[in-house]
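>>> Provide a 3D model corresponding to the input given below.
(2 chains)
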2 protein chains.
Amino acid sequence: MDIQHYMKQLGEQARAASRLMAKADTNTKNQALRNIASLIRHHEKALLAANQQDLDAAKANGMEAAMLDRLALSEKSVATMAEGLEQIASLPDPIGEMSNFKYRPSGIQIGQMRVPLGVIGIIYEARPNVTVDAAGLCIKSGNACILRGGSEAIHCNQALAKLVHQGLQQAGLPQAAVLVVETTDRAAVGELITMKQYVDVIVPRGGKGLIERISSDARIPVIKHLDGNCHIYVDDEADLDKALRILENAKTQRLGTCNTAESLLVARSIAPTALPKLAEMLISKGVEIRGCDETRAIVPQAKSATEEDYYTEYLDAIISCKVVSGLDQAIAHINQYSSQHTEAIVTENYTKARQFLREVDSSSVMVNASTRFADGFEYGFGAEIGISTDKLHARGPVGLDGLTSLKYIVLGDGHVRA
Amino acid sequence: MDIQHYMKQLGEQARAASRLMAKADTNTKNQALRNIASLIRHHEKALLAANQQDLDAAKANGMEAAMLDRLALSEKSVATMAEGLEQIASLPDPIGEMSNFKYRPSGIQIGQMRVPLGVIGIIYEARPNVTVDAAGLCIKSGNACILRGGSEAIHCNQALAKLVHQGLQQAGLPQAAVLVVETTDRAAVGELITMKQYVDVIVPRGGKGLIERISSDARIPVIKHLDGNCHIYVDDEADLDKALRILENAKTQRLGTCNTAESLLVARSIAPTALPKLAEMLISKGVEIRGCDETRAIVPQAKSATEEDYYTEYLDAIISCKVVSGLDQAIAHINQYSSQHTEAIVTENYTKARQFLREVDSSSVMVNASTRFADGFEYGFGAEIGISTDKLHARGPVGLDGLTSLKYIVLGDGHVRA
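Numbering: from 1, shown residues only, chains lettered A, B, ... in the order given. Sure, this is the predicted structure:
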């Protein structure tokens, strides 16, 4: 069977399943999630064995250590997958939620109802836990999904798919609500992102290269998460203790996450006093500073930053640094160089905090808090399918609501338009 | 100057203006709208003269009557444009609206702020009033826009653009917040819908062909409005008086609008009694019925409907008709044939009304009300830039909110992530 035909079949099955998922009741969906969680716990050994098969093949192919780490499951990570599903089961059901009902002068009553998007195509790399997280979010939000994981994880993903199908079936839901692409042929991705009639939205998860490639080739809307070049602006009215605490957390708690700070802006009037302390903390944590001339005059250890540095998401123990004249220049710098992910100001000044919140054009804007908070769990969504750096539809961390849409509901009593 | 270079310049100007518009305060934006309204009233004669130039050229080029009608301005339509702007000025400002602030266990407080999308590209055909409506909505929502009207209306659009610029300038806002493409070269559209770095969303307004072409060529998200193949389902527990009133309004009030009913479904058990009355009303209004075999057995005047008929938006005095076994078949038929615009059920049964609302997958779903209500003004948005048949971002009538996005706001007091 050729790939095009195979993917078309998956699409048809997913579309049919999505209609049944859209009307599935809350209890049934939660039961399916709990079934899958308990099947995953029960089949821990088989999952670890399938994962070992993938790991052996990956090692034989010379996969690098960081990637192997992402591919590897452990008893703990299997338990975490199961818990994740139970957590999703315990969230409120977004589907069917009705809101904003108002009477209009015409006599009709109008409001909105939250509904599933339909079929979600998810494309990701090595991590097998994405298979379970994504399936869980799609089931709860009444969608069907087609999952295309990395070819390195194919055995583990197939083993997980089997358990997901069993859990869906036990709850009386269609197995095709979660379809795992069972070929490692890359042409499958090309089909998935262009079959408009079967897929409503694509969520790619992975490196910037993958996401840019998919966005540029897709004929279906893409919820994309490009880079996180996050900024911390230390205002001249900052509380320096807060600035130190926030910068330490934002830059050094985890180097490789998208909400890690990559650039530090400091107001000129406090730079001579604040920068040495901030730099000392960074350097003590092994972070390299790449700064403008003013930064380097104050911090001799700082290297020289290029224009390119200010655009860079390092995901590493490096931070760019710039001395700015004040709030206006900080905002202008951020709106030019940032990837519009997450930015924070440290200030005690109410008016400047308000201006920063209003004028910084990023998906999360913070006052006196670490950029590391930009995360679906921290925001209280219970789960997240990714973080969107787009402005349309979903912006910022995407939870269950991001996988839904709102339709208008009109209630009348024989009303007609005048 | 070549088109590519020209459009790039417009894009740069619009992007710069959008940053200023995003922080413009409510009063300034409203003042600009009121300035433009009064300039339009004041220059009524000049506008009508420019419009006459367009009409003369169009007639010389053999434009058909319906199109000339759309192109023509009158004293009344000039006044309506001005009133429309004043109405937009009187709406609440969506920008900066903050909502849903909640404390999280970590101590941060998280909520959302409504922000502009940035630069909106609007592509439309002959109607010059779209120039003013679109400009007004974009100004109020803090966006910049690039307007590409039909080449038939170029003189009138340029005259309007001059007034819009004057009104913006008088209020201290950038003229480039509203840019009118001043070339009739079609290559300008190709540039507009692909210059990602300058344009955030495209709103095409016009025939299905235009919109499909733009959607397929665009490299920027498109808020699209395809066809409106709207259904009325008359349930076996319908109040027949309401059904007659609703069908008459939905089908015959205006034949050519997107929310006009194009297809009638009738429950089998009441078809012998209800269909003759419904058909009699339709026929008395000059509407041709194209029905299934069961319809034709009951209504001898009905012609035979093909499969294609059930997919068709007639925009004419024709309606397709089908007898269905009941609610489930009605919903299945609608979800298969409809364009997902607007559908209504006529029923007195509470349980069936709820099922219809939940399971029909269209942008507006109604109980005992005419599909003609699917409209931004009727829904209380005060204005509308179009009706979206998409599911992502904006679905249904698109008012000011559809031209905005939500960013997350995090307020802390030195909080860091554990």
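>>> on the three-state scheme, residue A:286 is what?
Under DSSP: H, G, I helix; E, B strand; the rest coil, residue A:286 falls in the coil class.
>>> thought it was touching residue A:317?
Yes - contact criterion C-beta atoms under 8 Å: residue A:286 and residue A:317 qualify, at 5.2 Å. The way it works is simple: take the backbone N, C-alpha and C, and place the C-beta from them, glycine included.
>>> next, the distance between the ends of stretch A:355-366.
12 Å (C-alpha to C-alpha, to the nearest Å).
>>> ugh, typo on my part, it should be stretch A:303-321
In stretch A:303-321, first residue to last residue: 10 Å (C-alpha to C-alpha).
>>> and for stretch A:51-70?
OK, stretch A:51-70 end separation, C-alpha to C-alpha: 11 Å.
>>> what does it rub up against?
Outside of stretch A:51-70, the residues that reach it under the criterion C-beta atoms under 8 Å, 6 or more residues apart in numbering or on different chains are A:71, A:72, A:73, A:125, A:126, A:127, A:128, A:152, A:153, A:154, A:155, A:156.
>>> with respect to residue A:204, which of the residues you listed is nearest?
Nearest to residue A:204 among these is residue A:125, at 9.5 Å by C-beta to C-beta.
>>> give me the below-cutoff pLDDT ranges for chain A.
Low-confidence segments of chain A, defined by pLDDT under 70, are located at A:1.
>>> pick out the residue nearest the middle of it.
Centrality entry for chain A: nearest residue to the mean C-alpha point is residue A:386, 1.5 Å, by C-alpha atoms, centre = their mean.
>>> number of nearby residues for the spatially closest residue to that residue that is not a sequence neighbour?
Once flanking residues are discounted, residue A:386 sits nearest to residue A:225: 4.8 Å by C-beta to C-beta, 6 or more residues apart in numbering or on different chains. By other C-beta atoms under 10 Å in any protein chain shown, the residues close to residue A:225 number 25.
>>> can you list the domains in chain A?
A:3-93+A:118-224, A:230-373 (automatic domain parsing).
>>> ends of the longest one, what's the gap?
Taking C-alpha to C-alpha, domain A:3-93+A:118-224 runs 25 Å from one end to the other.
>>> repeat for the shortest one
Chord length of domain A:230-373, first to last residue, is 12 Å (C-alpha to C-alpha).
>>> does chain B sit close to that domain?
Yes - on the criterion C-beta under 8 Å from any C-beta of the partner chain, domain A:230-373 is in touch with chain B at A:239, A:241-242, A:245-246, A:248-250, A:253, A:335, A:344, A:357-359, A:361-370, A:372-373.
>>> hmm, back to that, so what's the residue nearest to the centre of chain A bridging to?
Legend: beta-bridge partners of residue A:386 under DSSP bridges are residue A:398.
>>> wait, what's in contact with it?
Residue A:386 is in contact with A:203, A:205, A:223, A:225, A:397, A:398, counting by C-beta under 8 Å, 6+ apart.
>>> how does it look with 6 Å?
Listed by C-beta atoms under 6 Å, 6 or more residues apart in numbering or on different chains, the contact set of residue A:386 reads A:203, A:205, A:225, A:398.
>>> in three-state terms, label the first one for me.
Applying three-state DSSP to residue A:203 yields a three-state assignment of strand.
>>> not counting sequence-adjacent ones, nearest residue to residue A:396?
Nearest non-adjacent residue to residue A:396 (C-beta to C-beta, 6+ apart): residue A:363, at 3.8 Å.
>>> quick one, phi/psi of the one you found?
Backbone torsions for residue A:363, taken as degrees, to the nearest 10, come to phi -70, psi -30.
>>> and it, how far from residue B:319?
46 Å (C-beta to C-beta, to the nearest Å).
>>> for residue A:229, same thing?
56 Å.
>>> chain B contacts on the stretch 51-200 of chain A?
Counting by C-beta under 6 Å from any C-beta of the partner chain, the residues of the stretch 51-200 of chain A close to chain B are A:104, A:108, A:110, A:117.
>>> can you list contacts of the helix ranked longest in chain A?
Looking across chain A with DSSP state H, the single longest helix is helix A:3-23. With contact meaning C-beta under 6 Å, 6+ apart, helix A:3-23 is reached by A:116, A:118-119, A:142, A:144, A:146, A:174, A:176-177, A:179, A:185, A:187-188, A:191, A:195, A:198, B:359.
>>> picking up where we left off before, widest-spaced pair of the contacts of residue A:386?
Spatially, the most separated pair among the contacts of residue A:386 is A:205 and A:398, at 10.7 Å (C-beta to C-beta).
>>> where do the strands sit along the stretch 251-400 of chain A?
Ranges of strands in the stretch 251-400 of chain A, per DSSP state E, counting those that start in this stretch, are A:261-267, A:288-291, A:303-304, A:318-324, A:342-346, A:364-369, A:386-388, A:396-398.
>>> is residue A:202 in a bridge, and if so with what?
With DSSP bridges as the rule, residue A:202 is bridged to residue A:121, residue A:222.
>>> number of nearby residues for it?
25.
>>> same deal with residue A:87?
15.
>>> neighbours of the residue nearest to it when sequence neighbours are not counted, how many?
Leaving aside its chain neighbours, residue A:87 sits nearest to residue A:382 (5.8 Å; criterion: C-beta to C-beta, 6+ apart). Here the number of neighbours of residue A:382 (other C-beta under 10 Å) works out to 17.
>>> now the closest residue to residue A:78 other than its chain neighbours: how far from residue A:77?
Leaving aside its sequence neighbours, residue A:78 sits nearest to residue A:44 (C-beta to C-beta, 6+ apart; 4.9 Å). Per C-beta to C-beta, residue A:44 is found 10 Å from residue A:77.
>>> cool, residue A:99 as well?
Noted for residue A:99: a distance of 37 Å to residue A:77, by C-beta to C-beta.
>>> residues in contact with stretch A:134-141?
Applying C-beta under 6 Å, 6+ apart, the contact partners of stretch A:134-141 are A:29, A:32-33, A:85, A:88, A:116, A:120, A:122, A:145, A:164, A:178, A:383, A:385, A:400, A:403-404.
>>> which two among the residues you listed are spaced furthest apart?
Counting by C-beta to C-beta, the most remote pair of these is A:164 and A:404, 20.7 Å apart.
>>> between these two, who's got more neighbours?
Applying other C-beta under 10 Å to residue A:164 and residue A:404 shows that residue A:164 carries more neighbours, namely 28 against 20.
>>> surely the residue nearest to residue A:78 touches residue A:79?
No - using C-beta atoms under 6 Å, residue A:44 is not in contact with residue A:79; the gap is 7.9 Å.
>>> residue A:290 contacts residue A:308, doesn't it?
No - applying C-beta under 6 Å, one finds residue A:290 not in contact with residue A:308, separated by 10.0 Å.
>>> so what's residue A:376 up against?
Applying C-beta under 6 Å, 6+ apart to residue A:376 gives the contacts A:384, A:397, A:399.
>>> could you pull up phi and psi at it?
The phi/psi pair for residue A:376 (degrees, to the nearest 10) is phi -60, psi -40.
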